[in-house]
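Visitor: here's a sequence, model it:
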Amino acid sequence: MRWFFLAAGAVAAALFIANNAQATVLVQDDFESYGAQANFAGFDALNATDGSVDVLQNAGIVTTPYGTGLVDLDGSAAGGGYLRTDLFSFQAGDVVTFAFDYAGNHQGTTDTLMFGFKSPGLFTFKDVTVQRGAVVNTTGSLIGSSFGTAASVGALDPWTHVTFSFTAGAAGSLSAYVGTNSNDARGPLIDNFSLGVTRSAAPEPASWALMLAGFGGAGAVLRSRRRAPA
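Guide: Numbers count the residues shown, from 1 in each chain. Reported below is the predicted structural model:
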């Protein structure tokens, strides 16, 4: 009887592993650790490109409710910039989620905010969902080297959470980005940049081995019970 429970436990454990996806956080930055710095490029896991960005601290009308640090995407030099991740890899069936918070600059100007994903090659986006505050946009399957969207950000727009996710139709690699084409040293404000991948629930080789061992053990126990004398 003990062997039966052990075998059944192995099967249950393998099925649990097979049916529970694993979420991995690849990038997380709340901009709290840098202090106020103009034209900053020393982020821990992000690249400032295509212009400049400023790291700010709560001061006057420019504030964040999430702590004290935030980023102005239109830095003090070279026009509006972008924050980009390095390339990251994923497998078919993985769910990729990119999230951040944004607000208006509170200094009188309306800006365009761009965000999305870019790849060095073609790949398939499936089940794309972009949620921006109460606005939710979804689409089916798209094939391309990039997929992004844009939003107009008014000067007094409040902090709004964005979640951009999709299911990978094939293995590939991407970078995530958020940026602006503003060019007056007053751009959209950004906080809480994060990127994660939820791995496909398909069992890993070790999980398949555990399942097979469990089923085999259960079968052996049942066969021995049939052969036992009455």
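Visitor: list the buried residues of the strand or helix carrying F117.
Guide: Element membership of F117 [criterion: DSSP states H and E] is strand 111-132. By 16 or more other CB atoms under 10 Å, the buried positions in strand 111-132 come out as 111, 113-119, 123, 125-126, 128, 130-132. (C-beta placed from N, C-alpha, C; glycine too.)
Visitor: again, but for stretch 92-100
Guide: Those buried within stretch 92-100 under the rule 16+ other CB under 10 Å are 93-100.
Visitor: state the mean pLDDT of that stretch.
Guide: For stretch 92-100, the per-residue pLDDT values average out at 97.
Visitor: who touches D54 in this structure?
Guide: By CB atoms under 8 Å, 6 or more residues apart in numbering, D54 lies in contact with 36-40, 71-72, 74-76.
Visitor: who wins for neighbours among the residues you listed?
Guide: Counting neighbours by other CB atoms under 10 Å, V71 leads the contacts of D54 with 28 neighbours.
Visitor: mind checking what secondary structure that one has?
Guide: strand (DSSP: H, G, I helix; E, B strand; the rest coil).
Visitor: wait, what's in contact with it?
Guide: Shown in contact with V71 (CB under 8 Å, 6+ apart): 31, 53-56, 83, 189-191.
Visitor: look up how far L46 lies from it.
Guide: 9 Å (CB to CB, to the nearest Å).
Visitor: also G93?
Guide: Distance from G93 to L46, by CB to CB: 27 Å.
Visitor: next: G133.
Guide: Taken as CB to CB, the span from G133 to L46 is 23 Å.
Visitor: the two - which one has more neighbours?
Guide: Comparing G133 with L46 by other CB under 10 Å, the one with more neighbours is L46, at 23 against 13.
Visitor: my guess is A48 contacts T85. True?
Guide: No: applying CB atoms under 8 Å, one finds A48 not in contact with T85, separated by 11.7 Å.
Visitor: residues contacting the nearest residue to Y34 once chain neighbours are set aside?
Guide: Using CB to CB, 6 or more residues apart in numbering and skipping the chain neighbours, the partner closest in space to Y34 is V55 (4.7 Å). V55 sits next to 31, 34-37, 40, 69-71 when contact means CB under 8 Å, 6+ apart.
Visitor: make TSV out of the buried residues of stretch 92-100 and add secondary structure and distance to S146.
Guide: Shown next, in TSV, are those (DSSP: H, G, I helix; E, B strand; the rest coil; distance: CB to CB, whole Å):
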residue	secondary structure	distance to S146
G93	coil	21
D94	coil	18
V95	strand	18
V96	strand	13
T97	strand	17
F98	strand	13
A99	strand	18
F100	strand	18
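Visitor: now tabulate those residues in a markdown table and tack on distance to P65.
Guide: Output for the buried residues of stretch 92-100, formatted as a markdown table (distance: CB to CB, whole Å):
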| residue | distance to P65 |
| --- | --- |
| G93 | 36 |
| D94 | 32 |
| V95 | 28 |
| V96 | 27 |
| T97 | 22 |
| F98 | 21 |
| A99 | 16 |
| F100 | 14 |
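Visitor: cool, thanks, signing off.
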